[in-house]
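# Pasting the sequence and the predicted model now:
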Amino acid sequence: MKNAVFGAVLALAAGLSPAWAEMTDIRFTLGWKTQGSDAPFLLALSKGYFAEEGLNVTIDQGEGSAATVTRIMGGAYDAGFGDINAIIQNAAQRPGEAPVMVYQLWNRPPFAIVTPKTSGIETPADFAGRTLGGAQGTPTTRLFPVFAELNGIDLASVKQENMAPNLQEPMLIRGDIDGAFVFTITSWFNLIANRQDPAKDYNWFQFEEYGMDLYSNGMMVSRALLTDKPEVVAGMVRAVNRATLEIAKDQDAAMEAIMAFDNLVNPELERARLNFALTNLMNAPEVDTIGMGDLVDERLTRSIGIVAKGYGLERLPEASEIFDRSFLPPVTERAFAVEIMN
């Protein structure tokens, strides 16, 4: 099923017996169509972790991690899984209206430029005279001028073509473009779906390795929820934290939750995507010290500067406008250890 509502029924199954009046309805949007990386939320839903916190959560599929922000700002959703960089952009333009990140999941960004090894592009300097393609408005595309400046690339020497996201990998494979502005967690699996070997046959210029020290997706909540119902936010964070630690050690349970939510997904593909997220996006060294869900304020401040430059923002929001750690459980309860199951 595409949507799922678990409320008092799940709570009763867990032996909690709450009254309907005690449950708080929460509308939650994912970042995209159902994917393995959504497992923290879907497991919290299916196992009743939200219900144990008195939350009747409805989860819908998304339209893009940046759209999560606009969906919440528009009032259609209370919370969601989306990109912290989109929060930065909207907080700069509409102070006090943008959602706030309360549980950081992807502490490494998925932004990259992917090139076929046959192209001969081995360093950023090799982009000169080449054609790169990407979807207009995505963080990877919008932040490329900053990437170019940091890595000594003359922007005028690089031809850029705008294209729909679903055309990037096919055009790359055909040789119509020399490289693509992508999200690794999406493009890696798109290449596999096109019978390509992303590890063997492609080079990945990951932004974080070239001076772009950015955060990415996590759980965000509306300003209204944060202000009016802080106890609800705390309950959501506890439930998601519990589920996140569980999926790191038990991908079987994660996949059961994903398939229960949407039985049309490819379980093999989405399990691989989940493992990709666990090992490539959720394992920054800082997590060993600060625990899952938190971030480093100084690093966030630097990333705000990068985003402001790439998006031409006139105002730089403070880190406190973007992220609120006050709802996080103690760091000892957020120790993150990944055990990939075969």
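Perfect, thanks for sending it. Residues are numbered from 1 along each chain as shown.
# Look up how far residue 256 lies from the most centrally placed residue in the chain.
The residue lying closest to the centre of the chain (Cα atoms, centre = their mean) is residue 217, at 2.7 Å. Residue 217 sits 22 Å away from residue 256, taking Cβ to Cβ, to the nearest Å as the criterion. All C-beta atoms are positioned from the backbone trio N, CA, C, and that covers glycine.
# What does the pLDDT read for residue 342?
Note for residue 342: predicted pLDDT of 75.
# So it versus residue 252, what's the distance?
10 Å.
# Mind checking which of those two has more residues around it?
residue 252 (10 against 3; other Cβ atoms under 10 Å).
# Next, the buried residues of the helix or strand harbouring that one.
If you go by DSSP states H and E, residue 252 is part of helix 251-261. Buried residues in helix 251-261, counted by 16 or more other Cβ atoms under 10 Å: 251, 253-259, 261.
# Can I get those in a markdown table including pLDDT and distance to residue 123?
Listed next are those as a markdown table, based on pLDDT from 0 to 100; distance: Cβ to Cβ, whole Å:
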| residue | pLDDT | distance to residue 123 |
| --- | --- | --- |
| 251 | 98 | 36 |
| 253 | 98 | 42 |
| 254 | 98 | 38 |
| 255 | 98 | 39 |
| 256 | 98 | 44 |
| 257 | 98 | 42 |
| 258 | 98 | 38 |
| 259 | 98 | 42 |
| 261 | 97 | 42 |
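# that older thread, what's downstream of the helix holding residue 252, the next helix or strand?
In N-to-C order, the element after helix 251-261 by DSSP H and E is helix 267-276.
# With only the CA atoms kept, save that following helix in PDB.
What follows is helix 267-276, C-alpha atoms only, in PDB (Å, rounded to 0.1, in the frame of the first residue of the first chain):
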ATOM      1  CA  PRO A 267      13.300  -5.800  -2.400                       C
ATOM      2  CA  GLU A 268      16.800  -6.700  -3.700                       C
ATOM      3  CA  LEU A 269      17.400  -3.200  -5.100                       C
ATOM      4  CA  GLU A 270      16.000  -1.400  -2.000                       C
ATOM      5  CA  ARG A 271      18.000  -3.600   0.400                       C
ATOM      6  CA  ALA A 272      21.100  -2.600  -1.500                       C
ATOM      7  CA  ARG A 273      20.000   1.100  -1.400                       C
ATOM      8  CA  LEU A 274      19.500   0.800   2.300                       C
ATOM      9  CA  ASN A 275      23.000  -0.600   2.800                       C
ATOM     10  CA  PHE A 276      24.400   2.100   0.600                       C
END
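# For burial, what's the neighbour tally of the closest residue to residue 159 other than its chain neighbours?
Nearest non-adjacent residue to residue 159, counting by Cβ to Cβ, 6 or more residues apart in numbering: residue 131, 4.4 Å away. For residue 131, the neighbour count with other Cβ under 10 Å is 14.
# now do residue 117
11.
# so residue 180 sits in a strand?
Yes: read with DSSP: H, G, I helix; E, B strand; the rest coil, residue 180 is one of the residues of a strand.
# Tell me what it is bridged to.
Note on residue 180: beta-bridge partners by DSSP bridges are residue 114, residue 133.
# That one and residue 198: what is the separation?
For residue 180, the distance to residue 198 - Cβ to Cβ - is 12 Å.
# Need the residues touching each of these two.
114, 187 (Cβ atoms under 8 Å, 6 or more residues apart in numbering).
# Compare those two (neighbour count), which wins?
Neighbour count, other Cβ under 10 Å: between residue 180 and residue 198, residue 180 has more, with 28 against 17.
# wouldn't the more buried one be in contact with residue 112 here?
No: if you go by Cβ atoms under 8 Å, residue 180 and residue 112 don't touch, sitting 9.0 Å apart.
# what touches both of those two?
Joint contacts of residue 180 and residue 112 (Cβ under 8 Å, 6+ apart) are residue 187.
# Packing partners of the longest helix belonging to the chain?
The longest helix of the chain (DSSP state H) is helix 230-249. In terms of contacts (3 or more Cβ pairs under 8 Å, 6 or more residues apart in numbering; DSSP states H and E), helix 230-249 is packed against strand 24-29, helix 39-46, helix 49-52, strand 55-60, strand 100-104, strand 217-221, helix 223-228, helix 251-261.
# who does the third one touch, helix- and strand-wise?
If I follow you right, that is helix 49-52. helix 8-13, strand 55-60, helix 230-249.
# What's the mean pLDDT across it?
98.
# domain ranges for the chain?
Per automatic domain parsing, the structural domains of the chain span 4-107+215-333, 111-210.
# Out of those, which one sits most buried?
domain 4-107+215-333 (a mean of 20; mean count of other Cβ atoms under 10 Å).
# Hmm, residue 178 and the residue nearest to residue 159 touching each other?
Yes: between residue 131 and residue 178 there is a contact under Cβ under 8 Å: 5.2 Å.
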